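>>> Any chance you could fold what I've pasted below:
(chains A, B, C and D)
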There are 4 protein chains.
Amino acid sequence: MCRWIAYRGPTTALEEYVTEPAHSLISQSVHALEATASVNGDGFGLGWYDHREDPGLYREIRPAWSDENLRYLCRHLQSHLFFAHVRAATGTAITRVNCHPFACGKWLFMHNGFVGNWGRLRRQVEALIADEFYGSRIGTTDSEAIFLAMMSAGIDHPVAAAEKTLAKLAGFANRGSPADRLRVTAALSNGQDLYAFRYAVNDRANTLYFQESDNAIVIVSEPLDRDHSNWTCVPEGHVLVARAGERARMQPLFERHRQAAE
Amino acid sequence: MCRWIAYRGPTTALEEYVTEPAHSLISQSVHALEATASVNGDGFGLGWYDHREDPGLYREIRPAWSDENLRYLCRHLQSHLFFAHVRAATGTAITRVNCHPFACGKWLFMHNGFVGNWGRLRRQVEALIADEFYGSRIGTTDSEAIFLAMMSAGIDHPVAAAEKTLAKLAGFANRGSPADRLRVTAALSNGQDLYAFRYAVNDRANTLYFQESDNAIVIVSEPLDRDHSNWTCVPEGHVLVARAGERARMQPLFERHRQAAE
Amino acid sequence: MCRWIAYRGPTTALEEYVTEPAHSLISQSVHALEATASVNGDGFGLGWYDHREDPGLYREIRPAWSDENLRYLCRHLQSHLFFAHVRAATGTAITRVNCHPFACGKWLFMHNGFVGNWGRLRRQVEALIADEFYGSRIGTTDSEAIFLAMMSAGIDHPVAAAEKTLAKLAGFANRGSPADRLRVTAALSNGQDLYAFRYAVNDRANTLYFQESDNAIVIVSEPLDRDHSNWTCVPEGHVLVARAGERARMQPLFERHRQAAE
Amino acid sequence: MCRWIAYRGPTTALEEYVTEPAHSLISQSVHALEATASVNGDGFGLGWYDHREDPGLYREIRPAWSDENLRYLCRHLQSHLFFAHVRAATGTAITRVNCHPFACGKWLFMHNGFVGNWGRLRRQVEALIADEFYGSRIGTTDSEAIFLAMMSAGIDHPVAAAEKTLAKLAGFANRGSPADRLRVTAALSNGQDLYAFRYAVNDRANTLYFQESDNAIVIVSEPLDRDHSNWTCVPEGHVLVARAGERARMQPLFERHRQAAE
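Have a look, this model is predicted:
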């Protein structure tokens, strides 16, 4: 199981959240608190926004805890919105291009979860990627394919694009016999707004939490400390919408569909 | 442009052909003789057969000339049939899974060439891969896709499978406007027999040479020494068939089709 | 804390001991049984003897569990005497040259332990390395320095050379104020004979076990399975001597010195 | 032979000098202009100053031209003073810790050159490193040893510290029989001031050039373009002193010694 953190707030060095000893993502990756998988040693990635519209990326396949470049970068890079991710692979190759986050234009995406029976569903999911985004498929993970499917589904309306994609994935999973499992706990940003999804089909969803203050929001796959009372849990089947300049709000996925159908 | 060598003969350490100073594949990769690209520093790979039916693989993305593991392996590994390949990437990611050779079951494949306009043709080529082999697509290169398309086209008849695949590729390339280029200079083996293809569409084919003695054959993308008189050139549009226990022979590709059509 | 295994016996593929699922060194490195350190993800190494007098080496800094090259090598390499090691670094850099085993001429060495206060003692230990072996110091670990000190102390008599070196190290450690700690649980071979040392000063020694049958011996830093009754524990302050063609025997370190002094 | 560039001036993204197509350090490393060695593919490094006193470091052993992380970093990192270096190793291991630049406290150092007969002189050079800096010797290169010897010689007076170190090195080299060669073309900075040295003993010195404008200075081992008239050559045996807020000036090494001796 992967772990990730998304931050938006005052411009800060990344180290406080990513590499500093206590309660950082790295210390988590060594001593897992909540997850069942014991080690997240299958690669690491940072994505960050700064003076450019397009994000920066740093992805590496050696474990985060032994990467001296990462420590330097987290002390020196400053950002108002960044993603960090430690990977526990679920079958696809350990390569940099398979590490999260994924970038496409100004968008960043990262994921904890899986498409069950990826062997059976891969082609169907890849077929959701529009030709204009297929050249951006430089790796082979289910996560990158989900991201590019969202890009293809009209990313300018991120929640709708995600819902459209998740509905397709759910349909694919349910067509299996027995039905396949699907877990998507993901973060998405355009450099201004943050979206985080918690969804599952035929399975329990992976966890999703956040912490919001007056000028900052931190969203995580698992709390950075053991005290869960510091963190708000996003319920299954919900999206957390944190638009720039607005308070974050949780809303059920597919709500508008249901409303429209009523 | 990539470089490669295929060897079959008495069991030998790989170093004589791969890593030893003069005229080895590595020294070639540092000082290119014939190729236009000056450096082959985008990864390296070995595939070899031994006591098992399935081949071994060693692929690395650091340059061959600085890889101490490679030097040890080439001194200690012994094989009667091996492939070695240095990569000069043509656009896809520098990852181990994108390095040649590629293995699938008992088959090995490596390639020097490209599918022109891979962005446009990628999906069509990937669609040639049968479902049973799509799980073996762990990288993103045109070369791996060509190999798996051949596997899908009935690899038990390797020349026919290659012809079928190359004909499809040629069709895709010719449908472009302007027509796209295609170059395939590739080696294929099942651990016993060796096949090498030299083919191009709308372009000149990359070179292909071989050297045969009573009990050994060496096939190369470029001669290992400057004296071309030591090497037999395989003409464009031909396949070199070197079955175990038989003399190698060159035959035109698609000959049987032509014969059948006459 | 590192983990290692040394094998001598009938020529075999390495996978049974190194990479196969249950009770292999790799599965150990993911789920530690006895050790306090939870993860051994700081690099990996193989050393093996075959038709050459000098050993082969394969060392890699990505974790063993995600290294596809390692899986291929362990299925295809065959050896009558090999070492395998997973590293949990104690401060020195994560580089291939800092991974165990270390080779020098026909000798192989690997280690689980540390020289306490390496910053203070490093120069003194490095000064034990003879000029003729100082060029072989290509890394910066305490372990490599101990090995080269043994080489310099007359490696043709391995137990005496080790005793001489360990006595020097103990002297250095005891000169600290407070005294420094030292732990050496190491294996050494010339391709024929196997030696394993378990020693500590101002500290408890790391564990050392072995299993011997008619024609094979396996020596490990920790048992490969939970059933310790299958394994003989080597007591602290002892060396296990397993010469080719002889039964293994445990003898106290410095015995001859004590005998000579009596 | 290595290549390097040092920049001080208005805060800028690194890409213009390091990764952009024409005349950048990377394009140089692929198509060498002046150097005799054809390829600089043995690792790469960046060092840069920003809001912190201590520099950031990014060092990698894959070739610069295939490192996607480097491309992202050079587009997103901004600095008023940075070093970039491509390595062509002269015998020591290809590891990140052996890549330039080297950092120690607030100081950065990088080098093109070598200590001839490093096997013979290594211990003598390492003995120049004070105990307080010996813990910073995390690699094994002659370059890092020279830097730490300068640190030990009183780095607060950088030119004097360099002269003291170079004089020692020259003494060591001249004691060989035949005398050994020494080449040092190096850059040094504390985040404010820039120093560049061009020195050799028993050999010709490697080249050193610079370009100065009203508010920026670029110092290089080789000109970034073929038009040498754009660049001022620093003569052999000279140091270029570019203190913050002052025009750069070239001065002979050991001048004060000579003056004092007259």
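
>>> Okay, residue A:27 and residue B:168: tell me how far apart.
52 Å (Cβ to Cβ, to the nearest Å). For the C-beta atoms, the positions are set from N, CA and C on the backbone; glycine is no exception.

>>> Please disregard the earlier target; I meant residue A:230.
The separation that residue A:230 has from residue B:168, given Cβ to Cβ, amounts to 59 Å.

>>> quick one: whatever helix or strand residue A:148 lives in near chain D?
Assessed by DSSP states H and E, residue A:148 sits inside helix A:142-152. No - Helix A:142-152 lies out of reach of chain D by Cβ under 8 Å from any Cβ of the partner chain, never closer than 14.5 Å.

>>> Please identify the buried residues of the very next helix or strand once past that helix?
Toward the C-terminus, helix A:142-152 is succeeded by helix A:158-174 as the next helix or strand (DSSP H and E). Neighbour-count burial for helix A:158-174 flags A:158-159, A:161-166, A:168-170, A:172-173 (criterion: 16 or more other Cβ atoms under 10 Å in any protein chain shown).

>>> same thing with stretch A:52-63?
So, applying 16+ other Cβ under 10 Å, buried residues of stretch A:52-63: A:54, A:55, A:56, A:57, A:58, A:59, A:60, A:61, A:62, A:63.

>>> is any part of that stretch close to chain B?
No - using Cβ under 8 Å from any Cβ, stretch A:52-63 stays clear of chain B, with a minimum separation of 9.0 Å.

>>> Wondering if that stretch reaches chain D at all.
Yes - Stretch A:52-63 reaches chain D (Cβ under 8 Å from any Cβ) through A:52, A:56, A:57, A:58, A:59, A:60.

>>> What separation do you get for the last one and chain B?
Remark: distance between residue A:60 and chain B (Cβ to the nearest Cβ, to the nearest Å) = 13 Å.

>>> pLDDT below threshold where in chain A?
Scanning chain A for pLDDT under 70 picks out A:21-23, A:28-40, A:256-262.

>>> tally of neighbours for residue A:155?
Neighbours of residue A:155 under the rule other Cβ atoms under 10 Å in any protein chain shown: 21.

>>> Skipping adjacent residues, who's closest to it in space?
residue A:161 (5.1 Å; Cβ to Cβ, 6 or more residues apart in numbering or on different chains).

>>> The one you found is in contact with residue A:147, isn't it?
No - applying Cβ atoms under 8 Å as the test, residue A:161 and residue A:147 come out as separate, 10.3 Å apart.

>>> Give the full set of residues in contact with residue A:168.
A:128, A:149 (Cβ atoms under 8 Å, 6 or more residues apart in numbering or on different chains).

>>> how does it look with 7 Å?
residue A:128 (Cβ atoms under 7 Å, 6 or more residues apart in numbering or on different chains).

>>> Any part of stretch A:113-124 near chain B?
Yes - counting by Cβ under 7 Å from any Cβ of the partner chain, chain B has neighbours in stretch A:113-124: A:119, A:122, A:123.

>>> What segments of chain A are strands?
Remark: strands assigned in chain A by DSSP state E are A:3-13, A:44-49, A:56-60, A:78-86, A:102-104, A:107-115, A:182-189, A:194-201, A:209-212, A:217-220, A:232-233, A:238-242, A:249-252.

>>> who in the stretch 51-200 of chain A is up against chain C?
A:61, A:62, A:63, A:66, A:89, A:94.

>>> would you turn these into JSON lines with distance to residue B:41?
Conversion of those to JSON lines gives the following (distance: Cβ to Cβ, whole Å):
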{"residue": "A:61", "distance to residue B:41": "19"}
{"residue": "A:62", "distance to residue B:41": "20"}
{"residue": "A:63", "distance to residue B:41": "26"}
{"residue": "A:66", "distance to residue B:41": "25"}
{"residue": "A:89", "distance to residue B:41": "27"}
{"residue": "A:94", "distance to residue B:41": "21"}
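
>>> Surely residue A:101 is in contact with residue A:83?
Yes - Residue A:101 is within contact range of residue A:83, at 4.5 Å (criterion: Cβ atoms under 7 Å).

>>> Common neighbours of those two, please.
Between them, residue A:101 and residue A:83 share the contacting residues A:47, A:108, A:110, judged by Cβ under 7 Å, 6+ apart.

>>> quick one: contacts for residue A:89?
A:42, C:66.

>>> residue in the stretch 101-250 of chain A nearest to chain C?
residue A:140 (13.6 Å; Cβ to the nearest Cβ).

>>> what about that residue, how many neighbours?
22.

>>> How about residue A:213?
9.

>>> list the contacts for the closest residue to it other than its chain neighbours?
Among residues not flanking residue A:213 along the chain, residue A:9 sits closest, at 7.6 Å (Cβ to Cβ, 6+ apart). Residues counted as contacts of residue A:9 (Cβ under 7 Å, 6+ apart) are A:80, A:215, A:216, A:217.

>>> swap the cut-off to 10 Å and go again
The contact partners of residue A:9, by Cβ atoms under 10 Å, 6 or more residues apart in numbering or on different chains, come to A:79, A:80, A:81, A:212, A:213, A:214, A:215, A:216, A:217, A:218.

>>> and what of residue A:127?
A:134, A:145, A:149, A:168, B:123.

>>> In these, find the pair that's most separated.
A:168 and B:123 (18.0 Å; Cβ to Cβ).

>>> Please report the distance of residue A:156 from residue A:145.
Counting by Cβ to Cβ - residue A:156 and residue A:145 are separated by 20 Å.

>>> Ignore what I typed, I meant residue A:46.
22 Å.

>>> burial of the residue nearest to residue A:58 when sequence neighbours are not counted, as a residue count?
Closest residue to residue A:58 apart from its sequence neighbours, by Cβ to Cβ, 6+ apart: residue A:46 at 4.5 Å. Number of residues near residue A:46 (other Cβ under 10 Å) recorded here: 28.

>>> quick one: residue A:46 and residue A:72 touch, right?
No - counting by Cβ atoms under 10 Å, residue A:46 stays clear of residue A:72, with 11.9 Å between them.

>>> Compare residue A:156 and residue A:145 (neighbour count), which wins?
More crowded of residue A:156 and residue A:145, by other Cβ under 10 Å: residue A:145, with 26 against 7.

>>> Run through the residues that contact the residue nearest to the more buried one when sequence neighbours are not counted.
Of all residues not flanking residue A:145 in the chain, residue A:125 sits nearest, at 4.7 Å (Cβ to Cβ, 6+ apart). By Cβ under 10 Å, 6+ apart, the contact list for residue A:125 reads A:115, A:118, A:142, A:145, A:146, A:148, A:149, A:165, A:168, A:169, A:172.

>>> repeat for residue A:248
A:8, A:194-196, A:210-212, A:217, A:219, A:232, A:234, A:240-242.

>>> Neighbour count added to the residues you listed, as TSV?
Shown next, in TSV, are these (neighbours: other Cβ atoms under 10 Å in any protein chain shown):
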residue	neighbour count
A:8	23
A:194	25
A:195	23
A:196	27
A:210	20
A:211	15
A:212	16
A:217	19
A:219	26
A:232	15
A:234	21
A:240	23
A:241	17
A:242	22
